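Trainee: just coords:
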């Protein structure tokens, strides 16, 4: 899906004490999801190519170095100051209200097209290509929202909740 995304936004919502993640695609799909502190603590290392609980590289050392360089390139090329614009006639495959993300799955890490899947407890989620440049863009967007939230998370690997991470 990352090659079809037109715009993304992650914005801290103080009343909810969560981050609202919104994106819309070139074919007018609008997707919204809530990201909690706990989920963000799992997601950020994953976007950097590291296992969110152990801190170990998900990819080989050589692949990780190339991944991180590509992620930095993606961060430099994106326009983070453009205001978010809702699609005019959007379809909402996840529904009108944001889903609450609770599961994170990485699939096909040993294949040419690995996938990152962000999912609620039940129902469909959001699937991306685990592409370094796009992960770098997502990382930048989420770090900006995290800074606004002032959550002061320990971004060290978590020692609990292994059931929320799936590596395939």
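Mentor: Perfect, I can see it now. No experiment lies behind these values; they were computed from the predicted model shown.

Trainee: make it CA atoms for all contacts and neighbour counts henceforth
Mentor: Noted.

Trainee: Run through the chain and note the low-pLDDT ranges.
Mentor: 1-3, 59-81, 154-168 (pLDDT under 70).

Trainee: what ranges do the helices span in it?
Mentor: 37-47, 61-77, 132-149 (DSSP state H).

Trainee: With adjacent residues omitted, what lies nearest to the spatially most central residue of the chain?
Mentor: Nearest residue to the geometric centre of the chain (Cα atoms, centre = their mean): residue 138, 5.5 Å. Once flanking residues are discounted, residue 138 sits nearest to residue 47: 7.4 Å by Cα to Cα, 6 or more residues apart in numbering.

Trainee: Would you agree that neighbour is in contact with residue 135?
Mentor: Yes: counting by Cα atoms under 8 Å, residue 135 is a contact partner of residue 47 at 5.3 Å.

Trainee: Of the two, give the one with the bigger neighbour count.
Mentor: With neighbours defined as other Cα atoms under 10 Å, residue 47 and residue 135 compare such that residue 135 has more, 27 against 24.

Trainee: Please tell me how far that one sits from residue 89.
Mentor: 27 Å (Cα to Cα, to the nearest Å).
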